[in-house]
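Trainee: Okay, sequence plus prediction incoming.
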Amino acid sequence: MISQVSGEVVMAREHERGCEVVLDVGGIGYRISVTPSTLANLSALGERVTLHTYLHVREEEMSLYGFESSEERDLFEILIGASGVGPKVGQAILATHSPRALRTLISAGDTEALTLVPGIGSKRAQKLLLELRDKISRPALEAVPPAADSAIGDVSAALSGLGYSAAEIREALAGVSADEEPEAILREALRALGQSA
């Protein structure tokens, strides 16, 4: 199992199959699938970053999925353990909802919020919520502290949901302080995106 990769960003792109980065680790390039918000939050090319990873092994291929926090990776592992949820759907869920928001909607049984994920309809959302509620209990929800960069991550996810590309999001959030409230960060990012249009 490869649970973490630290290396230099040599490629970061968004394409029709999703978002991916290549990290150079000792001369070996690891191609890692990431969410749009993770891609937007990555440093510029040439910078050194660390991603928490999950290695998905299938008969014909092995794929690495990368996350900004171990909490996000752990949630991904729980998600793909649910029936009918593969890595692509698990990644889509985390691209739509931050770990904190996902834990909240699961504990609240919010089917409507889960249907915001592309490819998840009402019946599938109900089935997932029933299955995930047992795996993510209420005490575990309260024990998890919010991530330090959750405001930036939430804003990245929101901008991605509005259709902005990872490059646009990265540029818009470049000068924003993570200490501000999410609403203020979103206003600044939208202002920056409006000026660049």
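Mentor: Good, I have the coordinates.
Trainee: Check the chain for its longest strand and report it.
Mentor: The longest strand of the chain (DSSP state E) is strand 4-15.
Trainee: what about the strands in the protein?
Mentor: 4-15, 18-25, 28-34, 48-57, 62-67.
Trainee: The residue nearest to Met62 when sequence neighbours are not counted and Val5, how far apart?
Mentor: Once flanking residues are discounted, Met62 sits nearest to Leu55: 6.2 Å by Cβ to Cβ, 6 or more residues apart in numbering. For glycine as for every other residue, the C-beta is placed from the backbone atoms N, C-alpha and C. Note on Leu55: its distance to Val5, by Cβ to Cβ, to the nearest Å, is 10 Å.
Trainee: re the thing from before, list of residues touching the longest strand of the chain?
Mentor: 19-26, 29-30, 32, 36, 39, 42-53, 64, 66, 165-167 (Cβ atoms under 8 Å, 6 or more residues apart in numbering).
Trainee: Now, of the residues you listed, which are buried?
Mentor: 19-23, 30, 32, 36, 39, 42, 49, 51-53, 64, 66, 166 (16 or more other Cβ atoms under 10 Å).
Trainee: How many residues are close by Glu131?
Mentor: Counted with other Cβ atoms under 10 Å, the neighbours of Glu131 add up to 17.
Trainee: isn't it right up against Ser83?
Mentor: Yes - the pair Glu131 / Ser83 is scored as a contact, 6.6 Å apart, by Cβ atoms under 8 Å.
Trainee: on that earlier part again, need the contact list for the residue nearest to Met62.
Mentor: For Leu55, the contacting residues are 1-2, 62-64, by Cβ under 8 Å, 6+ apart.
Trainee: Setting aside sequence neighbours, what's the nearest residue to His97?
Mentor: Closest residue to His97 apart from its sequence neighbours, by Cβ to Cβ, 6+ apart: Leu105 at 6.6 Å.
Trainee: Enumerate every residue touching the one you found.
Mentor: Leu105 neighbours (Cβ under 8 Å, 6+ apart): 97, 113-114.
Trainee: go on, Tyr65?
Mentor: Counted by Cβ under 8 Å, 6+ apart, Tyr65 has contacts 32-34, 53-54, 56, 73, 76, 87, 90-91.
Trainee: which residues are contacting stretch 29-39?
Mentor: 5, 7, 10-12, 14, 18-23, 42, 51, 53, 63-68, 87, 91, 94-95, 153, 156-157, 160, 165-166, 169-170.
Trainee: and it, how far apart are its ends?
Mentor: Length of stretch 29-39, first residue to last, Cα to Cα, to the nearest Å: 17 Å.
Trainee: any idea of the mean pLDDT in that stretch?
Mentor: Stretch 29-39 comes out with an average pLDDT of 93.
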